[in-house]
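Trainee: Provided below for reference: sequence and predicted model.
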Amino acid sequence: MMKFDRAGYLQTISHMRLDSGNTLRDLRDSLGLSQAKLAEASGIPQYILSGFELGKNELADAHQQALLAVLRNSEGLRAIVARKKRYREHTYVEVKHDSKRVARHAPSNGNEAYLSALKMLETKPKRYSHRAISLFSGCGGFTLGFASAGFEIRGFLEKEKDLQVIYQKNFPEAVKIGGDIAAVPTSDIEDIKRSTGEVEVIIGGPPCQGFSLAGKRDVNDPRNALFRHYLRFVDVYRPKVAILENVRLLTSMRSPDGNYVKNQIRSEFGDHGYSARMFEINAKNFGVPQHRERVFFIAVREDINKAPSFPTASHGEEVGLFSEKLPCLTFADACSDLAYIESGEGSGDPLHVSVSHPKHVIDWLWDVKEGFSAHDNADPAKRPPSGYNTTYKRQIWREPASTVQTTFGMISGCRNVHPIATRSLTIREAARIQSFPDSFRFEGSAGTIRTGIGNAVPPLLARVVAQHLIAEFL
Ligand SMILES: C[S@@+](CC[C@H](N)C(=O)[O-])C[C@H]1O[C@@H](n2cnc3c(N)ncnc32)[C@H](O)[C@@H]1O
């Protein structure tokens, strides 16, 4: 982290484009300005600022302008930084279990079947039928789905040490083939390939800022876009299929030269001898109890001579007598067997433990109905002082859960409030919603675990994709 002095600060904001979340965080820290206050002053939802600082989303031009306007207004900044918090002293109280609420937490019909589906992810095939390597592995969501479908994951690459630890606990046979992908010299990739052997598939999902596809394509330039580093592995391994997962935002991202990033990705895959297609999907349509919009690029080596395709959705909203689709799974299907706990409580499961929330936040949320936010309260005294009505918002018990993000433990985050209890989601709930079986070993700090879970490809979705690749291309 870098501290700006006055001159550095003024120089940076006078000419900059905020193209790095780290710079924004460093500027804020140097000013002593909280993310919440910056969100309020700029009118940009805090989750967008948070995602940008964490490198998970880009900033729209209008948001860039709004931020720079705030950061360049030194008088205004002084006033914002000096403003006192409305709630300075937090008090914590025990929250009594309300019998009506506990009753609503009853097991749902789909819960048992869902837990059985997660069990499928635990079974390792006696013999693996196919091989893959995983790049940008995170904690291993993508890998788990592929492994359960019959892929031996020969190698993995991940920059964050704490995530490597979780990955290795769960996939001890996978060889670590690198940390920062940009630091792996192209000349080493041949040796890496010798250590893992040939693979038929490369799986991976760089963070979306890894697709800043401007400028030169010098393969040895470590500042190159992460996607181009991914292509260096594709060039050496020449797998039959290379697959990339990313956030839906990528569909609207443009490079500084004005081109859509999605078209550049397809065309660069083409330059490397692969025919690629992008598929926009929602995980809830593939048996995952979660609304999670994502894109997958499937790139098929040209000599395989088959058009890239994606599995057909198995679940949907419109179900009826003549529909072949199953109804989408719900929050209740994922979590209704878990112990009912309120703010600050634990259970027999060390990952099913609630964060303690201050009394004033519980008061705001206590009577908020499913699908509503504390910002919707009629009584202004029960509304949070600032923010948008996607924050402090309850999820809905009998609907697919909202997208699990890395911030799911923050009650002020986007749709992080449990449908019935008055608290944010526990790690176990988020893991269930993301379709990790309970046997998956999450170790390390709660922050690392939340990052791993929030960034993962849901293993059940990954399994469906893996089965499709086997059936169609391998
Ligand atoms: C979206 S997450 C991938 C999650 C993974 N697909 C899963 O299913 O669990 C992207 C990962 O890329 C890692 N990463 C970011 N920059 C990297 C780099 N330069 N080299 C290697 N890994 C990197 C991040 O630490 C993060 O874990």
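Mentor: On my side now, so go ahead. Numbers count the residues shown, from 1 in each chain.

Trainee: what does the stretch 201-350 of the chain have sitting close to the ligand?
Mentor: Near the ligand, the residues belonging to the stretch 201-350 of the chain are 205, 206, 207, 226 when assessed by CB under 6 Å from any ligand atom. From N, CA and C alone the C-beta is placed, and that goes for glycine too.

Trainee: Point out where the protein drops to low pLDDT.
Mentor: Within the chain, the set of residues satisfying pLDDT under 70 comprises 1-2, 15-19, 84-89, 209-210, 212-224, 319.

Trainee: before we move on, the earlier item: which ones among the residues of the stretch 201-350 of the chain next to the ligand lie within helices?
Mentor: By the criterion of DSSP state H, membership of these in helices covers residue 226.

Trainee: check contacts around the closest residue to the ligand within the stretch 201-350 of the chain.
Mentor: Using CB to the nearest ligand atom, the closest approach of the stretch 201-350 of the chain to the ligand is made by residue 205 at 4.1 Å. If a contact means CB atoms under 8 Å, 6 or more residues apart in numbering, then residue 205 has 136, 138, 142, 244, 245, 246, 457 as its contacts.

Trainee: Return the subset of those lying in strands.
Mentor: Restricting those to those inside strands, with DSSP state E as the criterion, leaves 244, 245, 246.

Trainee: between these, which is nearest residue 148?
Mentor: Within the ones in strands among the contacts of residue 205, proximity to residue 148 (CB to CB) peaks at residue 245, which comes in at 16.7 Å.

Trainee: what about that closest one, distance to residue 453?
Mentor: Distance of residue 245 to residue 453, given as CB to CB, to the nearest Å: 15 Å.

Trainee: With neighbour numbers in mind, choose between those two.
Mentor: residue 453 (28 against 23; other CB atoms under 10 Å).

Trainee: if we can go back for a sec, quick one: which of the residues of the stretch 201-350 of the chain next to the ligand is most hemmed in?
Mentor: When neighbours are taken as other CB under 10 Å, the top entry among those is residue 205 (27 neighbours).

Trainee: measure the closest residue to that one other than its chain neighbours to residue 137 for me?
Mentor: The shortest distance from residue 205 to any residue that is not its chain neighbour, by CB to CB, 6 or more residues apart in numbering, is 4.0 Å, and that residue is residue 245. Taking CB to CB as the measure, residue 245 falls 12 Å from residue 137.

Trainee: Find residues that contact each of the two.
Mentor: With contacts taken as CB under 8 Å, 6+ apart, residue 245 and residue 137 have residue 204 as neighbours in common.

Trainee: quick check: domain ranges of the protein?
Mentor: As given by automatic domain parsing, the domain ranges for the chain are 6-82, 111-327+457-473, 339-425.

Trainee: Count the neighbours of the nearest residue to residue 145 once chain neighbours are set aside for me.
Mentor: Counting by CB to CB, 6+ apart, residue 145 lies nearest to residue 462, which is 2.4 Å off, once chain neighbours are set aside. Residue 462 has 30 neighbours, counted by other CB under 10 Å.

Trainee: OK, contacts around residue 462?
Mentor: Neighbour list for residue 462: 141, 142, 143, 144, 145, 146, 203 [criterion: CB under 8 Å, 6+ apart].

Trainee: Now do the helix or strand hosting it: distance to the chain's middle.
Mentor: When secondary structure is defined by DSSP states H and E, residue 462 falls within helix 459-473. The chain centroid and the centroid of helix 459-473 are separated by 20 Å under CA atoms, centre = their mean, to the nearest Å.

Trainee: CA atoms only for it - export them in PDB, please.
Mentor: Output of helix 459-473 as PDB, limited to C-alpha atoms (Å, rounded to 0.1, in the frame of the first residue of the first chain):
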ATOM      1  CA  PRO A 459     -18.600 -26.500  -8.600                       C
ATOM      2  CA  LEU A 460     -21.900 -27.900  -9.700                       C
ATOM      3  CA  LEU A 461     -21.900 -25.600 -12.700                       C
ATOM      4  CA  ALA A 462     -18.300 -26.500 -13.400                       C
ATOM      5  CA  ARG A 463     -19.200 -30.200 -13.300                       C
ATOM      6  CA  VAL A 464     -22.000 -29.700 -15.900                       C
ATOM      7  CA  VAL A 465     -19.600 -27.800 -18.200                       C
ATOM      8  CA  ALA A 466     -16.900 -30.500 -17.700                       C
ATOM      9  CA  GLN A 467     -19.400 -33.300 -18.600                       C
ATOM     10  CA  HIS A 468     -20.400 -31.300 -21.700                       C
ATOM     11  CA  LEU A 469     -16.800 -30.900 -22.900                       C
ATOM     12  CA  ILE A 470     -16.200 -34.600 -22.400                       C
ATOM     13  CA  ALA A 471     -19.300 -35.500 -24.400                       C
ATOM     14  CA  GLU A 472     -18.700 -33.000 -27.200                       C
ATOM     15  CA  PHE A 473     -15.000 -32.400 -27.700                       C
END
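
Trainee: buried residues in it?
Mentor: Residues of helix 459-473 classed as buried under the neighbour-count rule (16 or more other CB atoms under 10 Å) are 459-470, 472-473.

Trainee: do the same with stretch 33-45
Mentor: Within stretch 33-45, the residues that qualify as buried by neighbour count (16+ other CB under 10 Å) are 33, 36, 37, 38, 39, 40, 41, 42, 44, 45.

Trainee: So the fifth one sits against residue 53, correct?
Mentor: To tie it back to what came earlier, the one meant is residue 39. No: taking CB atoms under 8 Å as the definition, residue 39 is not a contact partner of residue 53, at 11.2 Å.
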